[in-house]
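S.K.: Any chance you could fold what I've pasted below:
(2 chains)
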Number of protein chains: 2
Amino acid sequence: MPRAAVVGAGMTKFGVHDEPLQELFGAAAFDALDDAGIGPRDLDALYFGNAMSGQAENDTHLGPKCASHIGAARIPVQRFEDACATSANAFKNAVEAVEGGTHDVVLVGGVERCTPETGKDTPEMTRIFASASHRQYEQPTGLTFPGVFALLTKRHMHEHGTTEEQLASVAVKNHANGRLNDRAHFGKETSVEEVLEGPVVADPFRLMDCCPFSDGASAVVVVSDDIADSFEAPVDVTGVGHATDITPIGDKTTPHATQAARDAANQAYEQAGIEAADADFAEVHDCFTGAEIMASEAIGFAPDGEGGTYAEEGRTSLDGDRPINPSGGLKAKGHPIGATGTAQIVELTEQLRGEAGDRQLDADTGVAHNLGGDAATTVVSVMEVRS
Amino acid sequence: MPRAAVVGAGMTKFGVHDEPLQELFGAAAFDALDDAGIGPRDLDALYFGNAMSGQAENDTHLGPKCASHIGAARIPVQRFEDACATSANAFKNAVEAVEGGTHDVVLVGGVERCTPETGKDTPEMTRIFASASHRQYEQPTGLTFPGVFALLTKRHMHEHGTTEEQLASVAVKNHANGRLNDRAHFGKETSVEEVLEGPVVADPFRLMDCCPFSDGASAVVVVSDDIADSFEAPVDVTGVGHATDITPIGDKTTPHATQAARDAANQAYEQAGIEAADADFAEVHDCFTGAEIMASEAIGFAPDGEGGTYAEEGRTSLDGDRPINPSGGLKAKGHPIGATGTAQIVELTEQLRGEAGDRQLDADTGVAHNLGGDAATTVVSVMEVRS
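M.R.: Presented below is the predicted three-dimensional model:
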């Protein structure tokens, strides 16, 4: 039996936005409510994600502000923050709430502003992002997130012979996919040559190996399985796994294995009663190209050590046998931190409904992988065409 | 049937602490685990609260760090932030999780540092706290939280004739109670005269009407009802209500009614199958003296308009018929934002077990009221001696 169903999905274009955060969230929320055919008064609760707006623009306790803005004041609202896995965790808790009988109809979503529209420039936002790494053991070394994922990726290259060309092929694929998504931050393609000629950000990552800072919002309507058929286009949520890993990264014995992702994927697949091989496509957390390769292995889309080869050979492309990030991923669609997790759920919903336009896959089962911090939090979700 | 049980409770002294936040949290967490007679490996999950440490000391995504520190890496962890109602919301979600069958044994707690040990002085922390008010309509006016609650209290005084002496009597009572609590930030009593001679912070509040900025941590072990009897001293959780209110406060028609508290209390009492009159005592969110008076009415401990009279006449004192804040409350025990909600649950647990020492009440049923932001979030919990 499904754990829950998604019956509405919406998101803003990811890119640069200057409106108040509750208005930005509202645009995605109204999209999701319209898609579900309901209004704000039909909601039992709002499960809300935002990661950094306290630090970025002195704006916290945003949940009630967003509820008021969309006309849903008085419902219970809570904010989740789990670094880049923020709204996937809100989604997980919402699924549990409708499954456990606490609520029937929940709006789940997230919003974030990360561009200089916050009033903070890129170095300052980089410091703010780095607050999600270990305060005592990582931040004082000057380590920021390009460095964190560079360390993991370097170890992967050392262990498995993964190459810079393979990393570049992830960027090329995701930019090609993003070209087909009109809500993507970037609308241009790139090439392996262009990626490899870019300036080094943190070895082995060059500029085009890194996802952008984006602004945006996303939202989905989650309902209990027993009322799902009263909506027009429900998509089943059959598994949601969630695990953490030891931190700081210096305490991990095999950091490139991203163990939390393996634990979360195993939980999600077991709940769904499937194997990784049964999944048709995945949205994974490609904050850096190397992160996608490690994720593709952790969720079982490629054997350990072959994530790079799979990407280079086109097996994870739209027309490959294991498509990854048809939306363009964080790399091209963009990465408004607190909105990224539910944006993956939006993509799964649209793909499984057959509403994904030029990037439509032939798919019955999709997987979302959303990671936070120094790979210390991962949420993996499985969604399927309603049975 | 109880919704859940608390089987372990712990907290640090509230006051000034300079250790890393995960160590501060760990002190409370180990207390709670020891009290429950379990170890970190027995935990299914950590529901974690922290409000401001991103802004205060660039430390976010703290949940996995705390789990690693206490030896519970790999379990699911999520951080909640709902301003001052942060850890009450973590508690609410944990209760739902054990009730719904998601988990059996959950550690819930919160940690916060608010004193100059953060590296931020009082004006800067005041600005950071104010991030929980409305970014567009409240912050630009210069309104900070003493002003927010002064506005609500002034309206209460206008409508009901509440006096400054009545406000002062709340401070006198809570300081007297705090003297009996060795974990309280303040260990000294005060008098109505001393309160009324203090400098004005925001009319009608003088210095001693305001709770302090504190550092501290608190934690409780929440388990499902069906395993509660395998622990030594379970206390039942019979109701947890949660509501939000419209924001900004200018949009509220009766701001001094604190409608979210009324909604949350009604939910909690209905779940517990009790009336307000059945509750023996309450811990309420007395961030300012006026807030306690409004809370005492919202949760039904005093008729509307009589909260001030009840306080002045000693009816809410330790030896009164409706004791409020036996712990000393935020006013004297202290207010480390993200730790405050579960600290109220710690007090309820100890009172209902008969472990409250010099401040012990004769009580079977306790209520906790934890408020966030400009009264836009409130969580009300009911706990009872195990039936």
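
S.K.: all strands for the stretch 51-200 of chain A, in order.
M.R.: Counting by DSSP state E, counting those that start in this stretch, the stretch 51-200 of chain A has these strands, from start to end: A:77-81, A:105-112, A:200-202.

S.K.: can you list the weak-confidence ranges in the stretch 151-300 of chain A?
M.R.: Applying pLDDT under 70 to the stretch 151-300 of chain A flags no residue at all.

S.K.: Show me what from it comes close to chain B.
M.R.: Contact residues, the stretch 151-300 of chain A versus chain B (C-beta under 8 Å from any C-beta of the partner chain): A:242-247, A:251, A:259-260, A:263. For every residue, glycine as well, the C-beta is placed using N, CA and C.

S.K.: do stretch A:29-38 and chain B meet?
M.R.: No - on the criterion C-beta under 8 Å from any C-beta, stretch A:29-38 is out of touch with chain B, staying 14.8 Å away.

S.K.: Dump the strands of the stretch 51-200 of chain A to TSV, plus mean neighbour count.
M.R.: Formatted as TSV, the strands of the stretch 51-200 of chain A follow (neighbours: other C-beta atoms under 10 Å in any protein chain shown):
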stretch	mean neighbour count
strand A:77-81	30
strand A:105-112	31
strand A:200-202	16
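
S.K.: Redo those strands as a markdown table? Include distance to A:Ala168.
M.R.: Converted to a markdown table, the strands of the stretch 51-200 of chain A look like this (distance: least, C-beta to C-beta, whole Å):
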| stretch | distance to A:Ala168 |
| --- | --- |
| strand A:77-81 | 33 |
| strand A:105-112 | 27 |
| strand A:200-202 | 13 |
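
S.K.: right, and those - which one's nearest B:Ile75?
M.R.: strand A:77-81 (16.4 Å; C-beta to C-beta).

S.K.: Can you tell me the centre-most residue of chain A?
M.R.: For chain A, the residue nearest the mean C-alpha position is A:Gly341 (3.5 Å; C-alpha atoms, centre = their mean).

S.K.: Based on its surroundings, how many neighbours for the residue in chain A that chain B sits nearest to?
M.R.: Per C-beta to the nearest C-beta, A:Gly100 is where chain A lies closest to chain B, at 2.0 Å. A:Gly100 has 17 neighbouring residues, counting by other C-beta atoms under 10 Å in any protein chain shown.

S.K.: From B:Ala298, how far off is A:Glu350?
M.R.: 44 Å (C-beta to C-beta, to the nearest Å).

S.K.: Neighbour count: those two, which is higher?
M.R.: Under the neighbour definition other C-beta under 10 Å, A:Glu350 and B:Ala298 were set side by side, and B:Ala298 has more, 29 against 23.

S.K.: isn't that one right next to B:Arg262, touching?
M.R.: Yes - with contacts defined as C-beta atoms under 8 Å, B:Ala298 counts as touching B:Arg262 at a distance of 4.9 Å.

S.K.: would you list every one of the helices in chain A?
M.R.: In chain A, the helices defined using DSSP state H lie at A:21-36, A:53-57, A:62-69, A:86-99, A:122-129, A:145-160, A:164-178, A:192-197, A:259-272, A:289-298, A:307-312, A:329-333, A:337-353.

S.K.: Dump those to CSV, plus distance to B:Asn89.
M.R.: Shown next, in CSV, are those (distance: least, C-beta to C-beta, whole Å):
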stretch, distance to B:Asn89
helix A:21-36, 19
helix A:53-57, 16
helix A:62-69, 9
helix A:86-99, 11
helix A:122-129, 24
helix A:145-160, 28
helix A:164-178, 36
helix A:192-197, 43
helix A:259-272, 23
helix A:289-298, 30
helix A:307-312, 38
helix A:329-333, 28
helix A:337-353, 17
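
S.K.: which of these is buried the deepest?
M.R.: Mean neighbours per residue, mean count of other C-beta atoms under 10 Å in any protein chain shown, is largest over the helices of chain A for helix A:329-333, with a mean of 32.

S.K.: Tell me the helices and strands packed up against that one.
M.R.: The contact analysis (3 or more C-beta pairs under 8 Å, 6 or more residues apart in numbering or on different chains; DSSP states H and E) places helix A:329-333 against helix A:164-178, helix A:289-298.

S.K.: and A:Asp35, what pLDDT?
M.R.: Looking at A:Asp35, its pLDDT is 98.

S.K.: Leaving out chain neighbours, which residue sits closest to it?
M.R.: A:Gly8 (4.0 Å; C-beta to C-beta, 6 or more residues apart in numbering or on different chains).

S.K.: Now do the same for that neighbour: its pLDDT.
M.R.: For A:Gly8, the predicted pLDDT is 98.

S.K.: Equivalent analysis for the one 4 residues further on, please.
M.R.: At A:Thr12, the pLDDT value in this model is 98.

S.K.: follow-up on the earlier one: so which of the strands of the stretch 51-200 of chain A is nearest B:Arg315?
M.R.: Per C-beta to C-beta, nearest to B:Arg315 of these: strand A:77-81, 33.8 Å.

S.K.: Any chance you could list what contacts the closest one?
M.R.: Outside strand A:77-81, the residues that touch it by C-beta atoms under 8 Å, 6 or more residues apart in numbering or on different chains are A:45-51, A:60-64, A:66-67, A:86-87, A:89-90, A:93, A:338, B:54, B:60-61, B:78-82, B:89, B:92-93, B:242, B:244, B:377.

S.K.: Equivalent analysis for stretch A:169-187, please.
M.R.: Under C-beta under 8 Å, 6+ apart, the answer for stretch A:169-187 is A:11-15, A:188-192, A:195, A:208-209, A:212, A:214, A:216, A:286, A:289, A:292-293, A:308, A:311-312, A:314, A:316-318, A:324-329, A:331-334, A:357-359.

S.K.: again with stretch A:149-162
M.R.: Counting by C-beta under 8 Å, 6+ apart, A:143, A:163, A:167, A:202-205, A:249, A:255-256, A:258, A:287-291, A:293-294, A:304-308, A:375 sit against stretch A:149-162.
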